[in-house]
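S.K.: sequence unavailable; structure follows:
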């Protein structure tokens, strides 16, 4: 999948202009950058949730604008930043909606669909919550339900916009390990993350953005350097070796703050 000179706008205001990038097949790609830098806009453009004003997004060798919505849904699964479930819907029924792209006039619900839903529920630790109503769940549990729905699509490409939102650290790691497992099984994962150390630990390809531009793209070792992190986030930092993986790990030095007319470091 790739973008070629793509411009993406909201209300005719360009957020990303003439941007080109590629998602390596089979990669675990993470998009990083400060708030409002264009990360989610880039992901929405890749999924065609936001149509390109100019340029083109190529999916499986075809311009994504020429593909039917159902064909796109069979090829990629998207977890947006915020989603709203219908009132009263159960966990199992919402996850089952991930199978809709595979339904049709001549193909109704099957044992394979049921197996895909059960597999997604178990993978996200939601098996016991299947009969519960989604609106009864905590924010973290609801996030896992949306992840399960995307997994139930069983697409080769997953686009995830801040998938660990609302989750505590244990569930964040659990979910990142799940995505890493899916990646090792052959799925291409593209995730927007705020946690640099999650990005550095789990990704094999990182895209770093600021002000609607890509500042760097490559392996964690190439992108997550002290100088680059400070350029992206304006954050003084030290990059050390992760004691578990040996990859880069970011340790903030602190930020200058203003107190009683003087600047000091927090």
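M.R.: Thanks, I have the structure now. As the structure is a prediction and not an experimental result, all values here were calculated from the model.

S.K.: so, low pLDDT: which residues of the stretch 151-266 of the chain?
M.R.: Low-confidence segments of the stretch 151-266 of the chain, defined by pLDDT under 70: 256-266.

S.K.: for stretch 152-163, list every residue counted as buried.
M.R.: Taking 16 or more other Cβ atoms under 10 Å as the neighbour-count basis, stretch 152-163 is seen to contain the buried residues 152, 153, 154, 155, 157, 158, 159, 160, 161, 162, 163. Where you see a C-beta, it was placed from the backbone N, CA and C, and this is true even at glycine.

S.K.: can you list the residues you listed in a markdown table and add secondary structure and distance to residue 245?
M.R.: Rendered in a markdown table, the data for the buried residues of stretch 152-163 read as follows (DSSP: H, G, I helix; E, B strand; the rest coil; distance: Cβ to Cβ, whole Å):
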| residue | secondary structure | distance to residue 245 |
| --- | --- | --- |
| 152 | helix | 30 |
| 153 | coil | 30 |
| 154 | coil | 29 |
| 155 | coil | 28 |
| 157 | strand | 25 |
| 158 | strand | 22 |
| 159 | strand | 24 |
| 160 | strand | 21 |
| 161 | strand | 25 |
| 162 | coil | 22 |
| 163 | coil | 20 |
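
S.K.: would you turn those into JSON lines with distance to residue 173?
M.R.: What follows is the buried residues of stretch 152-163, written out as JSON lines (distance: Cβ to Cβ, whole Å):
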{"residue": "152", "distance to residue 173": "22"}
{"residue": "153", "distance to residue 173": "24"}
{"residue": "154", "distance to residue 173": "24"}
{"residue": "155", "distance to residue 173": "24"}
{"residue": "157", "distance to residue 173": "23"}
{"residue": "158", "distance to residue 173": "18"}
{"residue": "159", "distance to residue 173": "21"}
{"residue": "160", "distance to residue 173": "15"}
{"residue": "161", "distance to residue 173": "19"}
{"residue": "162", "distance to residue 173": "16"}
{"residue": "163", "distance to residue 173": "12"}
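
S.K.: between the longest helix seen in the chain and strand 157-161, how big is the angle?
M.R.: Ranked by residue count, the top helix of the chain under DSSP state H comes out as helix 169-184. Compare the direction of helix 169-184 with that of strand 157-161 by axes from the mean of the first three to the mean of the last three Cα atoms, to 10 degrees and you get 160 degrees.

S.K.: any idea which helix or strand comes after helix 169-184?
M.R.: The C-terminal neighbour of helix 169-184 among helices and strands, as given by DSSP states H and E, is strand 188-192.

S.K.: would you mind pulling the contact partners of that following strand?
M.R.: Residues from elsewhere that reach strand 188-192, judged by Cβ atoms under 8 Å, 6 or more residues apart in numbering: 1, 23-32, 39-40, 43, 46, 81, 156-163, 179, 182-183, 203.

S.K.: repeat for stretch 47-66
M.R.: 1-10, 14, 18-20, 41, 44-46, 67, 72, 75-76, 78, 80, 157, 159.

S.K.: can you check stretch 67-83 too?
M.R.: So stretch 67-83 is contacted by 40, 43-44, 47-49, 59-60, 64, 98, 100-102, 146-147, 150-151, 153, 155-163, 165, 192 (Cβ under 8 Å, 6+ apart).

S.K.: count the neighbours of residue 23 for me.
M.R.: 20 (other Cβ atoms under 10 Å).

S.K.: next up, the contacts around it.
M.R.: Contacts for residue 23 (Cβ under 8 Å, 6+ apart) come out as 1, 2, 29, 46, 188, 190, 205.

S.K.: go again using 10 Å as the cut-off
M.R.: Residues counted as contacts of residue 23 (Cβ atoms under 10 Å, 6 or more residues apart in numbering) are 1-3, 29, 31, 46, 59, 157, 159, 188-190, 205, 207.

S.K.: can you pick the most crowded of those residues?
M.R.: Using other Cβ under 10 Å as the neighbour criterion, residue 31 leads those with 29 neighbours.
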